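> Here is my input, please return the structure:
(chains A and B)
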Amino acid sequence: MHLAYPAVLSVLLFCTGLYGVLARRNAILVLMSVELMLNAVNLNLVAFDVWLSKAAEETLHSGQALTLFTIAIAAAEIGIGLAIVLAVHRNRGTSDIDKLRDTAEGPDGEDPGTGASATGPAAEKAEATA
Amino acid sequence: MTTTTLAVLVPVLPFLGAAAGLLLGRSAPGFARPLAVLPTLAALVLAVPVAARQGGGRAVDAVTELTPTGSVPVELALHIDGFAALVAVLVGCVATCVQIYSTGYLRDDPRYPSYAALVSLFTSAMFLVVYSGDLMVLLVGWEIMGICSYFLVGHYWETSEARAASLKAFLVTKLGDVPFLIGLLALATEAGSFRITKILGAVASGSLEHPTLIALLLLAGVAGKSAQFPLHTWLPDAMAGPTPVSALIHAATMVAAGVYFIARLLPFFQASRAAMVVLAVMAAVTMLGSALAALAQDDIKRVLAYSTIGQLGYMTGALATGDRGAAVFHLLTHGAFKALLFLAAGVIIHAAGTNSLAAMSRMRGLRDRVPDAYWTMTVALLALAAIPPFSGFFSKESVLVVAEHVATGHTGNAPGAAGWTVLLAGLVTALLTAAYATRLWLLAFRGRGAEAPDHGRQPVVMNAVLWLLAVPSLALGGLAFRLLPDWFDGHDLTPTLTTSVLGTGVALVGGIVTYGAWRHTTARAARLPLGAVAAHPEGDAALVEAEAIASHTPAYGDIAHAPDPSDPGRLLLGPLHRHAAVGFHLDAVYTTLFVRPVRAGASLVRFLDREVVDTYVRGAGTLPRVLGTAVRRAQTGNVQTYVSALLAGTVVLAVAAVLVATGA
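Okay, the predicted model is just below:
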């Protein structure tokens, strides 16, 4: 089989995954898209390993070994990720990542110039927390 | 054991005692007292055979070099002549007495272990100064004494007086120590060695080029350590420390170190006639000024402090006339009777609950409360006023005799002008000394008014030490003046008829005039009630004293004197009293000359730091702060935006890498 088939398939898988990660709102679907991207990479690893081992005298099949490694990592990752999504859903009642914006820059640090020039302890404390 | 081994053990034992005391003081407080007393006592016991074996014969010299130290070698050297041997015995005696006395005086003091360890360390440093034959090693002891003095003066650091006094003592003595160090280095460079014997050899061969300059630099350090004019101002203030410390450091040992140093190097100082005249003038000014100031002080310990300065003036006067035998003779007797005066004053302060003579003069029966202190203090005051046959008489007469010899040209040791200066100042000071000694005695023990408060019995150790020291105060001079010339340079120390009659005469006149003035003024005392008494009849003596010092300024308006019209000193001094009470405004002069400029400089530096340097720092911080504000706006909290930005960045980098790789 020519190398182009698995490579194109892998590109298609990766782009689908990328689209899902960037566009989907539901956290579980985002995680599934991540899995798609990982599997695209796995497919690439196996295909190129086979292609390279044809030319080589002897090979360790390191691409296939790395694939197994990635699958194990992906299993662990999806376990933790789903657990987090479950916990967030229980707490917030939603798993919509557009609504999970706690790390946004708040209005506290909007005007740092005044916080630095003031020398009072209250200002220092505010600066320390900001 | 050889004499050298014994002599090495003398400074080492108190040092080990101090180290052990500092280490074990907190964990094993039961050992604090033995660790304080026993090493000092052992050092005294060893110093006696060292003196006996030396016996005034050839000096014992021993030297070892630990490591090469560059151009001029620094060696661990002993140089024990008659002076060193006898002064070491005095130091051991007084230090042992003070350690024993302190066990009673600071009976309940929580900081006693560190106090005793510092006193031991101080004793060790003084032994080092006395025995050392190398000026650098001497300087080590000299500086250790300075720092110990700082800690001990500040023992009652809860009171602001003690804190200020300890800093002042440290800074003023250091002001003299800097020229002293420069002088030592210059001397060693010219003589090629720090060893005293080699320096004296270089002096004898006349190979020194700048004797006057070096001698004046060294005199600055001596003036600081021995509290001579104009660097004496720290000593009266140092009376804010505990009384045993005053007795040990500020009467018998540390302040004597300066005098002893000149005595060791006297041939070198004699090489410069200008230095000898400066020394004589310094001694004369110190003697007269301090005696006048002593007559106006209200704090009993400050009277004694000024009297110490005056007696040290006698010693430097004797040195200025080129006779170290008389100077060290006076050092020995003065060490004994001044230690006794201070220790007795500590007992009196405890019994009276105040350190103010004005308050004591309004108490009846103080001498019946402390009969031991009364009798021993009387002996010591008679010795101080140089009344025969007490020990002070013989030593003071020996000083006056050498001054007379120099003045009349019998000996060519020193310029005649120096002789006249010392002789006249010495006679006037003898009059004033008798006057303030009489005033102190009358005000302290002949008070009238309310019954003296009952502060309980004095600890036995304190009274025992007083009697122990009363023996040399009474008899040392009379017994020693025939023997001492064998130990010293061989100059005769016998009093002559002229100076004896003159000296005793003026002393008697001073005493009688003061008595008359006191009879005249004492009637007023009853009319003007005055006095504040510490309210701790159960406390130990140190607590009472700290309280008395702290309450003097609120009660009387000043730490040094009291507004007491029944004070005979006020009548005797007349318009001079106002100036004498504040030490002739020397502190005010120093404030104007040194303290104000330094404070102004400090505020300038503060301004430069706060307003100028900090402005640059704040300015440098502005740009990063603005950039940070801009970057923070990108933080929307939406994870997908971040990932999109990451993807865009990756694509841009990948395209750039491809373009570079293809060479487009």
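> Next up, the contacts around A:G81.
Shown in contact with A:G81 (C-beta atoms under 8 Å, 6 or more residues apart in numbering or on different chains): A:L31, A:V34. (C-beta placed from N, C-alpha, C; glycine too.)
> now B:G574
Applying C-beta under 8 Å, 6+ apart, no residues qualify as near B:G574.
> B:A296 versus that one, what's the distance?
Distance, B:G574 to B:A296, using C-beta to C-beta, to the nearest Å: 11 Å.
> again with B:C97
30 Å.
> Show me what from chain B comes close to chain A.
Within chain B, the positions lying close to chain A (C-beta under 8 Å from any C-beta of the partner chain) are B:618, B:621, B:625-626, B:628-629, B:632-633, B:635-640, B:643-644, B:647.
> Show the buried residues in those.
B:G637, B:N638, B:V639, B:Q640 (16 or more other C-beta atoms under 10 Å in any protein chain shown).
> For chain A, what's its nearest residue on the stretch 301-450 of chain B.
B:N355 (45.2 Å; C-beta to the nearest C-beta).
> got a pLDDT number for the residue nearest to that residue when sequence neighbours are not counted?
Nearest residue to B:N355, sequence neighbours excluded (C-beta to C-beta, 6 or more residues apart in numbering or on different chains): B:A548, at 4.4 Å. pLDDT for B:A548: 75.
> ok, B:A548 - contacts?
Taking C-beta under 8 Å, 6+ apart as the test, what B:A548 contacts is B:I349, B:G353, B:T354, B:N355, B:S356, B:A534.
> do B:A188 as well
Contacts of B:A188 (C-beta under 8 Å, 6+ apart): B:V72, B:L135, B:M136, B:F194, B:I199.
> Restricted to helices, list these.
B:L135, B:M136, B:I199 (DSSP state H).
> from these, which is closest to chain A?
B:M136 (50.3 Å).
> quick one: the closest one and B:A186, what's the gap?
13 Å.
> These two: who's more crowded?
B:M136 (20 against 17; other C-beta atoms under 10 Å in any protein chain shown).
> Wait, that one touches B:L184, no?
Yes: between B:M136 and B:L184 there is a contact under C-beta atoms under 8 Å: 7.3 Å.
> about what we covered before: now the residue nearest to B:N355: which helix or strand?
Assessed by DSSP states H and E, B:A548 sits inside helix B:541-556.
> What would that helix look like as PDB? C-alpha coordinates only.
Extracted C-alpha coordinates of helix B:541-556, given in PDB (Å, rounded to 0.1, in the frame of the first residue of the first chain):
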ATOM      1  CA  ALA B 541      20.700  45.700  94.700                       C
ATOM      2  CA  ALA B 542      20.900  45.700  90.900                       C
ATOM      3  CA  LEU B 543      17.200  46.300  90.600                       C
ATOM      4  CA  VAL B 544      17.200  49.100  93.100                       C
ATOM      5  CA  GLU B 545      20.100  50.700  91.300                       C
ATOM      6  CA  ALA B 546      18.500  50.500  87.800                       C
ATOM      7  CA  GLU B 547      15.400  52.000  89.200                       C
ATOM      8  CA  ALA B 548      17.300  54.800  90.900                       C
ATOM      9  CA  ILE B 549      19.200  55.700  87.700                       C
ATOM     10  CA  ALA B 550      16.000  55.700  85.700                       C
ATOM     11  CA  SER B 551      14.100  57.900  88.100                       C
ATOM     12  CA  HIS B 552      16.900  60.500  88.600                       C
ATOM     13  CA  THR B 553      15.900  62.600  85.500                       C
ATOM     14  CA  PRO B 554      12.200  62.600  86.200                       C
ATOM     15  CA  ALA B 555      12.700  63.400  89.900                       C
ATOM     16  CA  TYR B 556      15.400  66.000  89.700                       C
END
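> and the next element down the chain from it?
In N-to-C order, the element after helix B:541-556 by DSSP H and E is helix B:568-573.
> residues in contact with that next one?
B:292, B:295-296, B:435-436, B:439, B:442-443, B:513-514, B:517-518, B:520-522, B:564, B:577, B:580.
> From those, list the buried ones, please.
Among the contacts of helix B:568-573, the ones that count as buried (16+ other C-beta under 10 Å) are B:292, B:295-296, B:435-436, B:439, B:442-443, B:513-514, B:517-518, B:521-522, B:564, B:577, B:580.
> Per-residue pLDDT of whatever residue of the stretch 501-650 of chain B ends up closest to chain A, please?
Closest contact between the stretch 501-650 of chain B and chain A, by C-beta to the nearest C-beta, is at B:G637 (2.9 Å). Note on B:G637: pLDDT of 79.
> Could you do the one 5 residues further on as well?
At B:Y642, the predicted lDDT confidence score is 88.
> Then B:A223?
90.
> B:F127 too?
According to the model, B:F127 scores 92 on pLDDT.
> and what of B:V533?
65.
> Can you tell me the element the residue nearest the centre of chain A falls in?
For chain A, A:V34 is the residue whose C-alpha lies nearest the centre (C-alpha atoms, centre = their mean; 6.1 Å). Assigned by DSSP H and E, A:V34 belongs to helix A:27-55.
> and the angle for the following helix or strand past that helix with helix A:27-55?
Next along the chain after helix A:27-55, taking DSSP H and E as the criterion, comes helix A:62-92. Using axes from the mean of the first three to the mean of the last three C-alpha atoms, to 10 degrees, the inter-axis angle of helix A:62-92 relative to helix A:27-55 is 180 degrees.
> Any buried residues in helix A:62-92, and which?
For helix A:62-92, by 16+ other C-beta under 10 Å, it's A:G63, A:Q64, A:T67, A:T70, A:A74, A:G81, A:V85, A:V88.
> With stretch B:585-595 instead?
Quick answer for stretch B:585-595 (16+ other C-beta under 10 Å): B:L586, B:D587, B:Y590.
> same check, this time on stretch B:27-45
Going by neighbour count (16+ other C-beta under 10 Å), the buried part of stretch B:27-45 is B:A32, B:R33, B:L35, B:A36, B:V37, B:L38, B:P39, B:T40, B:L41, B:A42, B:A43, B:L44.
> Could you say which helix or strand holds the second one?
Spelled out, it's B:R33. With DSSP H and E as the criterion, the answer for B:R33 is helix B:32-54.
> neighbours around B:V119, how many?
B:V119, neighbours per other C-beta under 10 Å, totals 28.
> and it, what does it touch?
Contacts of B:V119 by C-beta under 8 Å, 6+ apart are B:A36, B:A95, B:V98, B:Q99, B:S102, B:C148, B:L152, B:P244, B:V245, B:L248.
> where's it, which helix or strand?
helix B:112-131.
> what residue ranges in chain B are flagged as low confidence?
Residues of chain B meeting the criterion pLDDT under 70: B:412-413, B:525-540, B:557, B:559-561, B:664.
> Which residue ranges of it form strands?
With strands called from DSSP state E, chain B shows them at B:60-64, B:76-80, B:363-364, B:450-451.
> worst-scoring helix or strand of chain A, pLDDT-wise?
helix A:112-117 (a mean of 41; mean pLDDT, DSSP states H and E).
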